[in-house]
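Undergrad: Any chance you could fold what I've pasted below:
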Amino acid sequence: MNIPTTIGSVDEDKKFDKKGVIRKMSHLERAFYQIPGLKVTMVVRLEGKVDPVSLQTAIDRIPQKHPLLGAKVVFDADHTAWFSTEEVEKPMLSTMKRTSSAQWFSEFQKMQAEMFEPQRYPMADYRLLYDEKGADLIVMVSHVITDGTAMVFLLRDLLNLYADPQLKLEQVIPLPMSDYMALTRPSFTNWLTKRYASKYNKQWRCSPHSFDQPDYKAINNAFWKKYTYGSVFLELKGQQLNLLQQKCHNHEVSVGAAIAVAFLAAHEEQQGAFTGNKRVISIPFDLRRHATRPVGDLFSLCVGTFMFPFRYKTKRSFWGNARELNKLVKKNMKRMNSAYMELEYFDATLLDAFNVFAYPVVKRWDLINHTENLKRFSQDTKNPAFKVVKSYEDKVPGTLFSNVGRVSIPNTYGDLKISRLALPSVINENTNMLLVGATISNHLVFTMAFAEEVDNREQPLTKQFINIRNRALELLGFPETMSPDPFL
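TA: Here you go, the predicted structure:
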């Protein structure tokens, strides 16, 4: 491996130890770098008295097993990004006394708007709200290095270390997922995509731009000046969840498919059917399950995505629609046609430009406290980054649906017990419905996330999605659980 010897965008003259470099950041990972709203989050409700000092000790040790949780990002002179453990500052657990069961959400919203400093700290934040009876633990990690399944591994390993501080850890090397996958077969589509990327790469290299932390900060601040994180929960537990599972079994559909169709049907009834490309559903899936060799509990970004159009058919029964969606998911899973893998064909700095900067400088320029660098970029109106982002903007799906499913980890660790696990979705201002679910201890939690406009105190999207969630519960057969509360 050819390891760089300089950190380009940080300090051209500063050397870093090659021993500290873990590996290069893939383009797929880089596509999630510093984009507002793209943090993978875990909210855990714990029963039992939590000791913050012991939890901090566990956080300090977790990189021994999962190195990316203790890594920063460095750039070489060619703007290639690398993960490194050299001179990294440790993440600190922030703590506060819990005063209500809903307090976690305001803290969660604050954490969403806070930027990571990837060139100094690991891209992970930990916050604990606790009292004598239990605690709410919030963990946010950049999507660059994690996915929903990895967050479950992190929870299990953190609590194991908390319960047994002397526990010996075996490192899981965080190789990029591409190292474990079968080679892509040559195809006309791949050839065409490479030609498309090559054309824009050539144009870009005639007028390149590179970006630094102040540029990312300007975009982040502008996004959270306009939006706040909104969320509505759907929860079923105990007998309710058992009943839903039995219904799904009887109709030969997965629980995830039934819930997705319930939300789509409710949205169509109350807001109208999705049209055009918004009919497309994006479904992330765990690439660990499709690796050519065992990967272990790999903490890394290991998500593929497939997309297909789907529309709820009102002339068909609810369960008939659920069966159709279920069949489409299975069909696409067999094809392993992962969307966005074409990002690997683009120049890294062009990827940064169209993935992070081009859209907001056009759509949100009046809110950006622009840097001189961003100003120069915005004036380069013929730059290919703006052409690429326009073509991608037209392809954004209307719904993203992901279900981690029943997590196969213990729910008890020493004196602590997990009573609820939620994985609130990332948010994207151009995707109408973002749903993520997980189940632990016979307690299912699905979250619907969205970007609520800050200046609108009426919170119209929150009210709209509460109504959609309630109608979804009714369609699933649980009208007694309907509530005006977003978190039930």
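Undergrad: what residue ranges in this protein score low on pLDDT?
TA: Filtered on pLDDT under 70, the chain yields the residue ranges 1-19, 335-341.
Undergrad: Which parts of it are helices?
TA: With helices called from DSSP state H, the chain shows them at 27-30, 52-61, 103-113, 148-163, 188-206, 213-226, 239-250, 255-271, 318-335, 348-352, 358-363, 372-379, 384-393, 460-476.
Undergrad: could I get those as TSV with mean neighbour count?
TA: (Glycine included, C-beta is placed from N, CA and C.) Output for the helices of the chain, formatted as TSV (neighbours: other CB atoms under 10 Å):
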stretch	mean neighbour count
helix 27-30	22
helix 52-61	17
helix 103-113	17
helix 148-163	22
helix 188-206	13
helix 213-226	19
helix 239-250	14
helix 255-271	22
helix 318-335	17
helix 348-352	21
helix 358-363	20
helix 372-379	15
helix 384-393	18
helix 460-476	20
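Undergrad: I'd like those helices as TSV, with distance to Val280 appended.
TA: Converted to TSV, the helices of the chain look like this (distance: least, CB to CB, whole Å):
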stretch	distance to Val280
helix 27-30	20
helix 52-61	39
helix 103-113	26
helix 148-163	21
helix 188-206	17
helix 213-226	24
helix 239-250	24
helix 255-271	12
helix 318-335	12
helix 348-352	22
helix 358-363	19
helix 372-379	30
helix 384-393	13
helix 460-476	19
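Undergrad: Leaving out the residues flanking it, which one is nearest to Thr243?
TA: If you look again at residue 243, you'll see it is Leu, not Thr. Leaving aside its chain neighbours, Leu243 sits nearest to Gly477 (7.3 Å; criterion: CB to CB, 6 or more residues apart in numbering).
Undergrad: Hmm, that neighbour is touching Lys247, no?
TA: Yes - Gly477 is within contact range of Lys247, at 6.7 Å (criterion: CB atoms under 8 Å).
Undergrad: Just give the closest residue to Ala81, not the sequence neighbours.
TA: Nearest residue to Ala81, sequence neighbours excluded (CB to CB, 6+ apart): Met25, at 3.9 Å.
Undergrad: Next one: Val445 relative to Phe108, how far apart?
TA: Val445 sits 14 Å away from Phe108, going by CB to CB, to the nearest Å.
Undergrad: Which one, of the helices of the chain, ends up nearest to Lys278?
TA: Each of the helices of the chain has some distance to Lys278 by CB to CB; the shortest is helix 255-271, at 10.6 Å.
Undergrad: just the angle between that closest one and helix 239-250, please?
TA: Angle, helix 255-271 to helix 239-250, by axes from the mean of the first three to the mean of the last three CA atoms, to 10 degrees: 100 degrees.
Undergrad: Indicate which one of the helices of the chain is closest to Asp286.
TA: Between Asp286 and these, the shortest separation by CB to CB is 5.2 Å, and it involves helix 148-163.
Undergrad: okay, now the closest residue to Leu175 other than its chain neighbours: neighbour count?
TA: In this structure, Leu175 finds its nearest non-sequential neighbour in Arg23, 6.9 Å apart by CB to CB, 6+ apart. Arg23: 19 surrounding residues under other CB atoms under 10 Å.
Undergrad: Just grab the bridge partners of Arg23 for me.
TA: Counting by DSSP bridges, Arg23 is bridged to Phe83.
Undergrad: From Arg61, how far out is it?
TA: Distance, Arg23 to Arg61, by CB to CB: 22 Å.
Undergrad: Over to Ser94?
TA: 18 Å.
Undergrad: cool, His370 as well?
TA: In terms of CB to CB, His370 sits 42 Å off from Arg61.
Undergrad: about what we covered before: would you tell me which of the helices of the chain gets closest to Arg45?
TA: Arg45 lies closest to helix 103-113 among the helices of the chain, at 8.4 Å (CB to CB).
Undergrad: Next, the angle from that closest one to helix 213-226.
TA: 140 degrees.
Undergrad: Just the CA trace of helix 103-113, in PDB.
TA: Extracted C-alpha coordinates of helix 103-113, given in PDB (Å, rounded to 0.1, in the frame of the first residue of the first chain):
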ATOM      1  CA  GLN A 103     -35.700  15.100  27.800                       C
ATOM      2  CA  TRP A 104     -33.600  13.000  25.500                       C
ATOM      3  CA  PHE A 105     -35.100  14.400  22.400                       C
ATOM      4  CA  SER A 106     -34.100  18.000  22.900                       C
ATOM      5  CA  GLU A 107     -30.500  16.800  23.600                       C
ATOM      6  CA  PHE A 108     -30.700  14.500  20.600                       C
ATOM      7  CA  GLN A 109     -31.600  17.600  18.400                       C
ATOM      8  CA  LYS A 110     -28.700  19.600  19.800                       C
ATOM      9  CA  MET A 111     -26.300  16.700  19.000                       C
ATOM     10  CA  GLN A 112     -27.600  16.500  15.500                       C
ATOM     11  CA  ALA A 113     -26.600  20.100  14.800                       C
END
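Undergrad: Show me what it packs onto, helices and strands only.
TA: Applying 3 or more CB pairs under 8 Å, 6 or more residues apart in numbering; DSSP states H and E, one finds that helix 103-113 contacts strand 39-47, strand 124-130, strand 134-142, helix 213-226, strand 227-237.
Undergrad: ok, and what's touching the fourth one?
TA: If you take CB atoms under 8 Å, 6 or more residues apart in numbering as the criterion, helix 213-226 is touched by 34, 36-37, 112-113, 115, 117, 119, 356-357, 360, 364, 367-371, 373-374, 453-454.
Undergrad: Check the residues you listed for burial and list the buried ones.
TA: Among these, those classed as buried by neighbour count (16 or more other CB atoms under 10 Å) are 34, 36-37, 112-113, 119, 356-357, 360, 364, 367-368, 370-371, 373-374.
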